[in-house]
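> Below: sequence and its predicted model.
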Amino acid sequence: MSPKGKKIWFDGEMVPWDEAKVHVLTHCLHYGTGYFEGIRCYALEDGRSAVFRLDEHVRRFFDSGHILGIPLPYAPDQVKKAILDVIRVNGLKECYIRPLAFLGYGEMGLYAPDNPLHVIVAAWPWGAYLGDDGIKNGIRAKVSSYTRHHVNVMMTKSKVSGNYVNSVLAKNEVKKAGYDEAIMLDAEGYVAEASGENIFIVRQRRVKTTPFTSILPGITRESVLIIARDKGYDVLEERFTRDELYTADEAFFTGTAAEVTPIREVDNRKIGASCPGAVTSDLQQTFFNIIKGKDKKYERWLACL
């Protein structure tokens, strides 16, 4: 279902959804010179709505621009206000939020230092990215033939628009083969991340995720690491191989869109009992309690409207 709302924040103004347009020679459209964020707003059990880890998402948005060398022309508080205003003006209780900064129409060619930088914030309802059944029962994944970016090929800590062609190729490849999601290896053959999610494995109740090499520093990833440590799990951030993934007791993805999604199968090999395991279910349930405002220990992560 295509996203649709009432208005989009566009360069400081609320613009009707269908009027938020750009020229076909927009630089970002040709060269991928933009960067974005993905953020979630949840309906809390007390009737309010709250954006999950707003400060951290806005910080990463600014970091992306700094890494790309195209900084945002706004202060962080202005972007936070724009995000909250977009949710309110569209009358949304729960939604996915997409801030995007991109080089606009002007000079063509790779070097275009004088092109204007446009910034938008859009929001729309969006359910489980990998499906409600995936959240409940786990999904089938396949290791892609496409390698994740090397750290000196693309800037892997920035959500640069052009980076995601790598993810599109991997996602299309595995979807056409009948799988739900792609798992990508780094340039040395170790498990990196999925097309749009970080990955965790569990073996003998020890929780492991890939370190900050070629992966994006996921905010949901960090949240789950904090939750797991708070619960007393042994947590490691270290590289692991494809066969270590195959022999894990449990595995799951994390991400703003995917939230906490179990993996029941990889490359036609069952992961554990081929259903969400005890550790995955525990972390998933705690995460869902937090985003619904049921766990006061983590209420600092919720920016209420």
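Looks like it came in fine. Numbers count the residues shown, from 1 in each chain.

> any idea where the helices of the stretch 1-150 of the chain begin and end?
Taking DSSP state H, counting those that start in this stretch, the helices of the stretch 1-150 of the chain run over residues 27-31, 54-68, 76-89, 132-137.

> got these as a markdown table, with distance to Asn152, mean neighbour count and mean pLDDT columns?
In this view, the C-beta of every residue, glycine as well, is placed from N, C-alpha and C. Compiled in a markdown table, those are given as follows (distance: least, Cβ to Cβ, whole Å; neighbours: other Cβ atoms under 10 Å; pLDDT from 0 to 100):
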| stretch | distance to Asn152 | mean neighbour count | mean pLDDT |
| --- | --- | --- | --- |
| helix 27-31 | 19 | 18 | 98 |
| helix 54-68 | 13 | 19 | 98 |
| helix 76-89 | 29 | 18 | 98 |
| helix 132-137 | 34 | 14 | 92 |
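
> Can you list the low-confidence ranges for the chain?
Scanning the chain for pLDDT under 70 picks out 1.

> contacting residues for the residue lying farthest from the centre of it?
Distance from the C-alpha centroid of the chain, by Cα atoms, centre = their mean, peaks at Glu107 (31.2 Å). By Cβ atoms under 8 Å, 6 or more residues apart in numbering, Glu107 lies in contact with His27, Asp114, Asn115.

> could I get the residues you listed as a markdown table with distance to Phe287?
Formatted as a markdown table, the contacts of Glu107 follow (distance: Cβ to Cβ, whole Å):
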| residue | distance to Phe287 |
| --- | --- |
| His27 | 38 |
| Asp114 | 44 |
| Asn115 | 40 |
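
> Nearest to Pro125 among these?
Nearest to Pro125, judged by Cβ to Cβ, of the contacts of Glu107 is His27 at 30.6 Å.

> I'd like to know how far the closest one sits from His118.
Look at His27 and His118: by Cβ to Cβ, to the nearest Å, they are 10 Å apart.
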